[in-house]
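**Student:** quick one, structure for this:
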Amino acid sequence: MADPTSRRDEIDDDLQEKLVEILKPEVEAAATQPPPPKSTDKDFFHALGGWGALLDIGLPWIAFLVAYAVTDHKLQLSLIIAVGVAAVLAVVRLVRRQALRNVFGGFIGVLISAWVANRTGNAKDFYVPGLLTNLGYGLLYLITVLIRWPLFGVLYGLITQTGTAWRRDPVLLKGFSRATLVFVGLFAIRLIVQVPLYFTGSLNALGIAKIGLGLPFYALAIWLAYAALRGSMPPEKWDEARDSITHLLRGNKK
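**Tutor:** All right, here's what the predicted structure looks like:
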């Protein structure tokens, strides 16, 4: 009978070879670019969007919840208000010349949610796309950890042009796994709280849970993942990763 450990190592080697092959064009292209400018932890946070991005995540959902209550449950009007708030936020970010990811990410999510609720005619379905998104992301992040290819590690290897070298360092592998699991926990908690509220039709509680588990929990998850990554990396590796990620999130603008 084949040794399970040997079999697992063979699978890991196959995955590593395939990943290197897939990422090779991107890594080679990145290698021709000049090194990213030096950054600080504050620059890194601002590249993620800063507190403004975190606040923008919740404002359209707050607008919908308030509008639905004060308009005596007029669904279409409430959806228009929520989409309008999201559109205004997108325009403001566009005028400020922020990354398109920050400009359109939240707006598209609200637009899809409004479309679903308008099609079904049920206000609680405004939250369905968010629930499905959390389920999908949670499963994806969890699977990458279970097969010992944590998503944050894969992204680190691509962004820093180091490929899969991080997998040979047990400390880095553990750190990337922990950081990825932080977000698995985030998605799981959201589902555990919100799914029962959805099926019981508790719209107000569902809206409050959506908001409460949005901005505050997302900020907490970022901080915990940041702590896990920084604690597992030597200072020079963290500086390299932070500089590369900050440069990428800024849209490669120096």
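**Student:** could you count how many residues lie near the nearest residue to residue 125 once chain neighbours are set aside?
**Tutor:** In space, residue 125 comes closest to residue 117 once its chain neighbours are excluded; the distance is 4.6 Å by Cβ to Cβ, 6 or more residues apart in numbering. Heads up, the C-betas are built off the backbone N, CA and C, glycines and all. For residue 117, the number of neighbouring residues by other Cβ atoms under 10 Å comes to 23.
**Student:** same check on the one 5 residues further on?
**Tutor:** Applying other Cβ under 10 Å, we find 14 residues neighbouring residue 122.
**Student:** what about it, distance to residue 174?
**Tutor:** 44 Å (Cβ to Cβ, to the nearest Å).
**Student:** quick one: what helix or strand has the residue nearest to residue 125 in it?
**Tutor:** helix 100-120 (DSSP states H and E).
**Student:** pLDDT on that helix, on average?
**Tutor:** Averaging pLDDT along helix 100-120 gives 86.
**Student:** got it, and stretch 205-221?
**Tutor:** On average, stretch 205-221 scores 87.
**Student:** can you give me the end-to-end span of it?
**Tutor:** 22 Å (Cα to Cα, to the nearest Å).
**Student:** quick one: distance of it to the chain centre.
**Tutor:** Put simply, stretch 205-221 sits 14 Å off its chain's centre (Cα atoms, centre = their mean, to the nearest Å).
**Student:** what does stretch 68-76 give?
**Tutor:** Worked out by Cα atoms, centre = their mean, stretch 68-76 lies 31 Å from the chain centre.
**Student:** in whichever helix or strand comes after the helix holding residue 117, which residues are buried?
**Tutor:** Once helix 100-120 ends, the next helix or strand along the chain (criterion: DSSP H and E) is helix 128-146. Applying a neighbour-count criterion of 16 or more other Cβ atoms under 10 Å, one finds 128-131, 134, 137-138, 141-142, 144-145 buried in helix 128-146.
**Student:** wait, which of those is closest to residue 228?
**Tutor:** Among the buried residues of helix 128-146, residue 145 lies closest to residue 228 (Cβ to Cβ), at 12.3 Å.
**Student:** tell me the contacts of that closest one?
**Tutor:** By Cβ atoms under 8 Å, 6 or more residues apart in numbering, the residues touching residue 145 are 151, 177, 180-181, 184.
**Student:** these in helices, which ones?
**Tutor:** Among those, the residues falling in helices (DSSP state H) are 151, 177, 180-181, 184.
**Student:** reformat these as CSV; add pLDDT and distance to residue 228.
**Tutor:** As requested, the ones in helices among the contacts of residue 145 are arranged in CSV below (pLDDT from 0 to 100; distance: Cβ to Cβ, whole Å):
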residue, pLDDT, distance to residue 228
151, 92, 13
177, 94, 9
180, 94, 9
181, 96, 9
184, 97, 12
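**Student:** elements contacting the helix holding residue 117?
**Tutor:** Applying 3 or more Cβ pairs under 8 Å, 6 or more residues apart in numbering; DSSP states H and E, we find helix 100-120 packed against helix 50-70, helix 75-95, helix 128-146.
**Student:** was I right to think residue 194 contacts residue 207?
**Tutor:** No - Residue 194 is beyond contact range of residue 207, at 9.8 Å (criterion: Cβ atoms under 8 Å).
**Student:** give me the common contacts of those two.
**Tutor:** Joint contacts of residue 194 and residue 207 (Cβ under 8 Å, 6+ apart) are residue 127.
**Student:** the stretch 151-254 of the chain: strands as residue ranges?
**Tutor:** Using DSSP state E, counting those that start in this stretch, no strands are assigned anywhere in the stretch 151-254 of the chain.
**Student:** could you pull up the contacting residues of residue 165?
**Tutor:** Counted by Cβ under 8 Å, 6+ apart, residue 165 has contacts residue 157.
**Student:** next one: residue 212
**Tutor:** Here residue 212 is in contact with no residue (Cβ under 8 Å, 6+ apart).
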